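Asker: whatever this is, show me its structure:
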Amino acid sequence: EDRTLLNNIKEIQAKSNLHESNYLINKLGSVDLDVEMETGTGKTYVYTRTIFELNKVYGWSKFIIVVPSIAIREGVRKSLEQTQEHFMELYGKKIRFFIYNSSKLDQIDSFSKDNSIHVMIINIQAFNARGAENRRIYEQIDDFQSRRPIDVIARNRPILILDEPQKMGGDATQESLLNFNPLFVINYSATHKEQHNLVYVLDALDAYNQKLVKKIEVKGFQVKNLRGTNGYLYLQKIHVYTDRNPEATIELEINYNKSINRETRKFKVGDNLYHTSKEMEQYKDGYVISEINPFTNTVTFIN
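Answerer: Just a heads-up that it's a prediction; the model follows:
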């Protein structure tokens with residue numbers, strides 16, 4: 001079964017001109033799949049449609065969308081509300097969705113009862129923090145027939161959709177996700193911190209060519225899986241001084257222990273982006289500034 005899965009993945013990668021996986025990654029369920037999409041190209045819509053397609057083709061009906069914050073959780077809820085009629089027209093079905101709430105456990109029973117498409121939206125704090133409310137998912141609860149909510153959820157073998165997984169780093173979160181007993185997991189992000197089995201890439205260039213964005217002057221320019229490049233850089237401003245050489249404000253990705261953040265830093269000639277980024281691999285080879293030119297508004301690296 002693992003060999004068949006890997007062969008199928010490699011076939012998709014070959015068709016899409018992606019780097020082929022040497023082995024199957026299955027830390028969370030049968031397989032961990034990665035989808036890379038540039039910010040602002042409709043990630044939530046794509047994974048919502050993926051849910052409908054997985055239901056249509058395979059009959060799977062239990063999904064959990066895991067998000068890194070309450071703000072993103074609310075955005076996902078709003079998106080599912082706004083696209084209900086659209087997907088009803090396409091598939092003749094509606095998603096029954098709810099936000100996990102430790103005081104409304106009857107929703108978990110509804111999630112488990114029938115073969116309609118059910119989606120639970122949950123932010124990582126709801127199962128990965130130490131407060132009394134957050135621990136309830138792991139506790140036997142009297143008014144829930146002395147069951148543990150996590151056990152009821154896990155019996156469904158849900159498919160996990162991780163929205164911005166690079167913000168869900170840390171061993172504790174990954175171990176907590178195992179408690180959901182997922183069938184498999186799909187990671188959706190523009191900046192995957194950890195690589196799994198990559199099955200789809202939509203970078204800035206693709207988005208422009210497919211007329212998903214009007215200009216390629218999106219903030220930053222990112223081209224992945226093309227001639228071995230995989231990096232994000234955005235030249236925000238060049239500063240000219242009377243008493244010293246010009247400097248450049250550049251936005252780049254910085255590697256923190258539990259997340260990758262895009263932040264701006266001021267640079268001068270000779271500065272090394274690899275060090276500033278806390279040793280992000282994408283800036284390792286030759287990203288030392290050799291010239292900052294205020295007349296052409298360009299920054300040149302030694303590579």
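Asker: which parts of the stretch 101-250 of the chain are helices?
Answerer: 106-113, 125-128, 132-135, 149-154, 171-178, 204-209 (DSSP state H, counting those that start in this stretch).
Asker: what's the most buried one of the ones you listed?
Answerer: helix 125-128 (a mean of 20; mean count of other C-beta atoms under 10 Å). Yep, even glycine has a C-beta here, placed from its N, CA and C like the rest.
Asker: mind giving me the packing neighbours of that one?
Answerer: helix 132-135, helix 171-178 (3 or more C-beta pairs under 8 Å, 6 or more residues apart in numbering; DSSP states H and E).
Asker: export these to TSV and tack on mean pLDDT and distance to Leu33?
Answerer: Listed next are these as TSV, based on pLDDT from 0 to 100; distance: least, C-beta to C-beta, whole Å:
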stretch	mean pLDDT	distance to Leu33
helix 132-135	79	28
helix 171-178	82	14
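Asker: for those, which one sits closest to Arg148?
Answerer: For the helices and strands packed on helix 125-128, the distance to Arg148 is smallest for helix 132-135, at 10.7 Å, taking C-beta to C-beta.
Asker: which residue ranges form the strands in this structure?
Answerer: 32-37, 62-67, 96-99, 118-123, 159-163, 185-189, 197-202, 221-226, 229-239, 247-255, 260-267, 289-293, 298-301 (DSSP state E).
Asker: those: lowest mean pLDDT?
Answerer: Note on the strands of the chain: strand 221-226 shows the lowest mean pLDDT, a mean of 46.
Asker: Leu54 is nearest to which of the strands of the chain?
Answerer: strand 159-163 (6.8 Å).
Asker: does anything pack onto that closest one? Which helices or strands?
Answerer: Counting by 3+ C-beta pairs under 8 Å, 6+ apart, strand 159-163 packs on helix 43-58, strand 62-67, strand 185-189.
Asker: in the stretch 51-200 of the chain, which ranges drop under the pLDDT threshold?
Answerer: Scanning the stretch 51-200 of the chain for pLDDT under 70 picks out 169, 192.
Asker: Asp163 against Phe63, yeah?
Answerer: No. Asp163 lies out of contact with Phe63 (C-beta atoms under 8 Å); the separation is 11.9 Å.
Asker: these two: who's more crowded?
Answerer: Neighbour count, other C-beta atoms under 10 Å: between Asp163 and Phe63, Phe63 has more, with 27 against 24.
Asker: how near is Phe144 to Tyr100?
Answerer: 13 Å (C-beta to C-beta, to the nearest Å).
Asker: higher neighbour count, the two?
Answerer: Tyr100 (21 against 16).
Asker: that one: what's its closest spatial neighbour, skipping adjacent residues?
Answerer: Setting aside the residues directly before and after it, Tyr100 is nearest to Ile122 in space (C-beta to C-beta, 6 or more residues apart in numbering), at 4.1 Å.
Asker: which residues are in contact with the one you found?
Answerer: Applying C-beta atoms under 8 Å, 6 or more residues apart in numbering to Ile122 gives the contacts Ile64, Ile65, Val66, Val67, Arg73, Ile99, Tyr100.
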